[in-house]
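Asks: predicted model follows, preceded by the sequence.
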Amino acid sequence: MFSRFRQPLTVTRDGGEGEFVDGIWQPGKPTTLTARCSVQPSNQNDMEMLPEGRRDRQAFTLYGRTELKMADDNAETNADRIEIYGAMFEVMHVERWTNGIINHFKSIAVKEAEQ
């Protein structure tokens, strides 16, 4: 029923384990997947969950069944990158909502800095 409100988004996820090739570390290859999410502008409460240096950027709150990944310093993994309306966004916050009615993930993605 709710899938009609979700749109397909291309997610780029850093590859898993890398390897040494001729003594030089080569990171794992990135993979892409499609996540169907409802894309909403982030409200003030959502923006307050972000690190201070990211609160001044454009952000969207995403609702969907796919668990997106944030950066994890302990696991040394990077955040998922998502293309939204032609721009690249980085996942900064993820919450699991398991209320027994419509289980889903709420994620906040922030626009990447212009290079």
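Replies: Alright, I've got the coordinates. Numbering: from 1, shown residues only.

Asks: distance-wise, check the residue of the chain most remote from its centre relative to residue 100.
Replies: Relative to the C-alpha centroid of the chain, counting by Cα atoms, centre = their mean, residue 22 is the outermost residue, at 33.3 Å. From residue 22 across to residue 100, the span is 53 Å (Cβ to Cβ, to the nearest Å). C-beta coordinates here come from the backbone N, C-alpha and C atoms, glycine included.

Asks: repeat that for residue 66.
Replies: To residue 100, residue 66 is 19 Å away according to Cβ to Cβ.

Asks: of these two, who's got more company?
Replies: Set residue 66 next to residue 100 and count neighbours by other Cβ atoms under 10 Å: residue 66 wins out with 18 against 5.

Asks: which of the three states applies to the more buried one?
Replies: Secondary structure of residue 66, reduced to three states by DSSP: H, G, I helix; E, B strand; the rest coil: coil.

Asks: tell me, how many residues neighbour the residue nearest to residue 37 when sequence neighbours are not counted?
Replies: Spatial nearest neighbour of residue 37, excluding adjacent residues (Cβ to Cβ, 6 or more residues apart in numbering): residue 64 at 3.6 Å. Number of residues near residue 64 (other Cβ under 10 Å) recorded here: 20.
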